[in-house]
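Engineer: please find the sequence and the predicted model below.
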Amino acid sequence: MDGFEALRGEYALDARERLDRVEQSLLAVETLVGEPRDVELTRLKAELHTVKGNSAMMGFTDLQQLAHQMEDAVLATGTDGLDVASLLVSVDRFRRRVVELVADPASSPVAASEIAAVPAETAEAAPTTQTGVRVSFAALDGLIDLVAEMVIERNRLETAIAGAGPDVHLAFEGLERTLELLQERVTALRMTPLHTVFGSLRRIVHDEAHKDGKDARLVTTGGETPLDKALLELANEALGHLVRNAVIHGLEPAAARRAAGKPETGTVRVAAAVRGDEVLIEVAEDGRGIDPEQLRRAAAAKGFPLAPEADPYEVLFESGFSTRGSADLSAGRGVGLAAVREAVLRQGGRIEVRSEIGRGTTFQLWLPLSVSIARSLLLRADDELYALPMALVVDSRRLRPEDAHDVNHAGVIRWRDGMLPLLDLGCHFGTRPRRRRDGYVVVVEAAGKRRGLVADRIQGLQEVVVKGLDPICGRPVGVAGTTVLGDGRPILILDPRSLVDAAVFDREEM
Amino acid sequence: MTDVLQGAASAAPRLAGSDRVYAFADQVAAEPTPSDAAVAAAVWETWVTCRLGSETFAFPVDAIQEILRVATITRVPDAPHPVRGIINLRGRVVPVVDLRVRLGLEAEAPGPRSRILVASARGRVIGLLVDAVEQVVRLDRNRFEAPPADVMTEQSAYITAVHQRDGVLLILLDPEQVLIISTHNQDLTQDKDKAPCVR
Amino acid sequence: MPKKVLVVDDSILLHRMYELALKSYARAEIAPVLASDGREAFVRLQEHPDVVLILLDVNMPAMSGLEFLERLRAEPAFRDVRVVLQSTEDQIQDVRRGLAAGAVGYLTKPFTPRQLHQLLDVVLV
């Protein structure tokens, strides 16, 4: 064999990661002095050196030369400035060239100077992945499906071994534990830590501050917060937008900040954390804050005067209210907070804003922790259909009038070795006044509690795409979301977690 | 007057294979030309009129994305009273607000001319259930009047203005305000459709 | 019986490259064993005591290639394993020190699979 042609993909992955680190180092070096700066410069040199070597190994002489030039620029730095700006341009050129090389295997080396310089935004904005294997969403979902199948089989097995000896049960328990672990790991595969998004935000703050003649820095926390990979692009877009806004509209120029007694360097703080089954990402700046009166005036000027009790901040999300110069930034892809909010809502998230004049503004981006396709049972109860995700389903069986007993005004049945409290779905959701005596019971388990959900019948088992429920509908207990069936009907997705706790009697008090 | 108040629903051609009914902006009925010089200073705006009972309301055309026939609305339990449920709009789950209830009128079952106005406001998409969609009209903003004091209550912030037109009072609505459903609007927390459950 | 060759390099890309090049060697079947730094290399050597050749990157940040080499030489079990250094053209001082510490040869980056094969012709037992 001649060379390492077959490894273009791996080279690209490696190069992308290293270039990201180079970029981060360049941005960091700008703000450091003394020893920390030297450490960063050394890191920078080492990365560029490796990139140069790798490019040479692949026979990409143009990239080898470009890396060499960059390395020289860093080596030539004395105690005074490193030309970070032009090195960043080189990073972008490098990235673009890597993309070209991977896309077109036949492309051959050009002179380093010929590698086109393009604005960073239009360069392939693939989310940075860690070193490793790339797997398509379809393949991942397939894995998740298989695991869901295993859950069903496990349930069947559990019933089948009911009369068997202790060693069989022991073996079963072992299998159960392994299955749980497998479920966890496979679901976790869809997650990626948010710091992969934070990296690009740093660059945005740097570039925008430069363009606007302001002094700004980005502080991030919660980089390890996981995000479903399917939401990565959305998070990138939304956060990019919010951060850009923060620098352009939020932060004041240095002179104004000085006059206000604030540090000259504006701070944009991005903080992420898991809150329940959502991820909260806050983008906060210590800038001028938003004057609600100004918003009202702007709304009135556009012909939409606000009522006195209306929330003025909603004006920010008004379609006509786009950010300055956003056309060139987003390359026509979707401008204005309105579009961002719509995209976020569609994925089951939301954006909120708080502000204090003179102190700053905080945007809160809420995203679902996971976007999923859930294998679900379709349950019919009184002319309504519900989807119940299989993940927490433990058992299902016919319900006959003689099976159920009333204990303390609640229905119960004998199940396995104990009594299982029932919850009639019709009663819970208000479609019938009394629990039905005939039908099907589906046993769910969550947080160590079990409940038998009673329905008319089990209509089927199918994959459903989990969608959100618009907040205008309130937050009904026992509803996790919505989905659309094959025939076009929208139905509710049940939330076993809240159903195991739901009171049986809440409808009795009227 | 009846020639002007043609139902857009019956006049508009149906798209093959879909039950969407579009109100076309080019079917805009023009204002009867005023005879005085005020016409030069007119500020024209395009509005969609719809009917609830005996009242005629209107929304700015920009806020209305499309108009749907009423198909399956899946009920959402415990939703605030004006929320009828959810519908499927090309894969997207959209809530439907009964405009009658929202505006304080008595709820009624949808009739053959009932439609859902798909409104886009505050960055969200929400359906508004109305008794009928009339047409798209061009109105002169200069002729808008403040709503009569007895019509306005603290909850009527959604009324932008009123407009007399050929003897009909058009009540002009603000879609963003209509979509604010808070717990102090009417008795929203009680889902009247729900049968109370007894042991 | 395939011959085990240990690759010590901090770059996953280089691992892939070495694997490709070693597996395409015609004169003998080679089973590559991979490590990302000196510490991991020692672990691999415990797992595979029959490693016959080590390809060692001089350029590693954690435990430098030279440190590794010195520790290796101090272990009687591994004293006879052949080590080839992998370096870049400006690291000639390190290469000299490595050769003095017992390495049997060196390979400079960039190298082609063919060049690696030529080296293997000479050093592989």
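Structural biologist: Ah, there it is.
Engineer: next, the buried residues of stretch A:298-316.
Structural biologist: A:298-299, A:304, A:306-307, A:310, A:312-316 (16 or more other C-beta atoms under 10 Å in any protein chain shown). (Glycine included, C-beta is placed from N, CA and C.)
Engineer: now those residues in CSV, with pLDDT, secondary structure and distance to A:Leu157?
Structural biologist: As requested, those are arranged in CSV below (pLDDT from 0 to 100; DSSP: H, G, I helix; E, B strand; the rest coil; distance: C-beta to C-beta, whole Å):
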residue, pLDDT, secondary structure, distance to A:Leu157
A:Ala298, 77, helix, 64
A:Ala299, 77, helix, 62
A:Phe304, 70, coil, 62
A:Leu306, 73, coil, 61
A:Ala307, 71, coil, 61
A:Ala310, 68, coil, 58
A:Pro312, 77, helix, 59
A:Tyr313, 79, helix, 55
A:Glu314, 75, helix, 54
A:Val315, 75, helix, 58
A:Leu316, 79, helix, 55
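Engineer: now the two most distant members of those.
Structural biologist: Spanning the widest gap among the buried residues of stretch A:298-316 are A:Ala307 and A:Leu316, at 16.9 Å by C-beta to C-beta.
Engineer: wait, is C:Phe42 part of a helix?
Structural biologist: Yes. Assessed by DSSP: H, G, I helix; E, B strand; the rest coil, C:Phe42 belongs to a helix.
Engineer: nearest residue to it other than its sequence neighbours?
Structural biologist: Among residues not flanking C:Phe42 along the chain, C:Arg71 sits closest, at 7.5 Å (C-beta to C-beta, 6 or more residues apart in numbering or on different chains).
Engineer: are we agreed that B:Ala161 is in a strand?
Structural biologist: Yes. Using three-state DSSP, the assignment for B:Ala161 is a strand.
Engineer: chain neighbours aside, what residue packs nearest to the most centrally placed residue in chain C?
Structural biologist: Using C-alpha atoms, centre = their mean, the residue of chain C that lies closest to the mean C-alpha position is C:Leu55, 0.9 Å off. Closest residue to C:Leu55 apart from its sequence neighbours, by C-beta to C-beta, 6+ apart: C:Val7 at 4.9 Å.
Engineer: now that neighbour: which helix or strand?
Structural biologist: C:Val7 belongs to strand C:3-8 when assigned by DSSP states H and E.
Engineer: for the chain, just list every one of the helices.
Structural biologist: Using chain A. Remark: helices assigned in chain A by DSSP state H are A:8-29, A:34-58, A:61-75, A:84-103, A:137-160, A:166-189, A:195-212, A:232-245, A:254-259, A:292-301, A:326-329, A:336-346, A:425-429, A:496-499.
Engineer: please go with chain C instead
Structural biologist: Assigned by DSSP H, chain C shows helices spanning C:12-23, C:38-47, C:65-74, C:92-100, C:113-123.
Engineer: same question for chain B.
Structural biologist: B:8-11, B:99-102, B:175-178.
Engineer: and the first one, average pLDDT?
Structural biologist: Read it as helix B:8-11. Helix B:8-11 carries an average pLDDT of 31.
Engineer: over to stretch B:74-83?
Structural biologist: Mean predicted confidence for stretch B:74-83 is 90.
Engineer: try stretch C:9-18
Structural biologist: For stretch C:9-18, the per-residue pLDDT averages 87.
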